[in-house]
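Asks: How does the following fold in three dimensions:
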Amino acid sequence: MQLARLDMPATPEFVSLARLVVSSIADHRYEITEGRLDDLKLAVSEACVLAIEAETGPQASFSVTCEGTSEDLSVVVAHTDNAEPEGVADKIGVSSFEEFRPASLGLPLIHSLVDEVGLESERGLSSLRMTLRCRALEFS
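Replies: The predicted structure is shown next:
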């Protein structure tokens, strides 16, 4: 079930907004320790930075979507694949666009912070799905 979706300009000042929304949802809807919540916030920050680095142009944007079940919380950070490949590769110091994702230092960090990570690219949209195993709180 989709819990929230944010569409934001691809600029660094929106990373803190994404962290705030995701951490509020996790803290109020799931049984989660303070340490796991901190891990999730850091993973979301890293994923947002990766999306921002991949975007160029005045209309560049990215989205953050929170999806939940009774057993886990997933956060999907997505951006369009409209960036100039050479420009992105040059920014992070790799020789080709194909090397971009593996060369990123953020992905190994994200893998260490959440339970499951998935990368998808489909129809001009790249997304990174981070899943944290945690039980949903019961609401009366």
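Asks: contacts and neighbour counts: CA atoms only from here.
Replies: Fine.
Asks: So Q2 versus T69, what's the distance?
Replies: To T69, Q2 is 9 Å away according to Cα to Cα, to the nearest Å.
Asks: actually Q59, not the one I wrote
Replies: Q59 sits at a distance of 33 Å from T69 (criterion: Cα to Cα).
Asks: And S61, by the same measure?
Replies: Going from S61 to T69 by Cα to Cα gives 27 Å.
Asks: Same check on T33?
Replies: Noted for T33: a distance of 18 Å to T69, by Cα to Cα.
Asks: Looking at the two, which is more packed in?
Replies: T69 (15 against 12; other Cα atoms under 10 Å).
Asks: The lengthiest helix in the chain packs against which elements?
Replies: The residue-count maximum for a helix in the chain (DSSP state H) belongs to helix 34-54. With contacts defined as 3 or more Cα pairs under 8 Å, 6 or more residues apart in numbering; DSSP states H and E, the secondary structure elements packing on helix 34-54 are helix 15-29, strand 61-68, strand 72-80, helix 85-92, helix 106-113, strand 125-133.
Asks: worst average pLDDT in those?
Replies: Across the helices and strands packed on helix 34-54, helix 85-92 has the smallest mean pLDDT, namely a mean of 39.
Asks: Is E120 bridged to anything, and to what?
Replies: On the basis of DSSP bridges, E120 is bridged to S127.
Asks: check contacts around it.
Replies: Residues in contact with E120 (Cα atoms under 8 Å, 6 or more residues apart in numbering) are 126-128.
Asks: what about E13, is that helix, strand or coil?
Replies: Here E13 is recorded as helix under DSSP: H, G, I helix; E, B strand; the rest coil.
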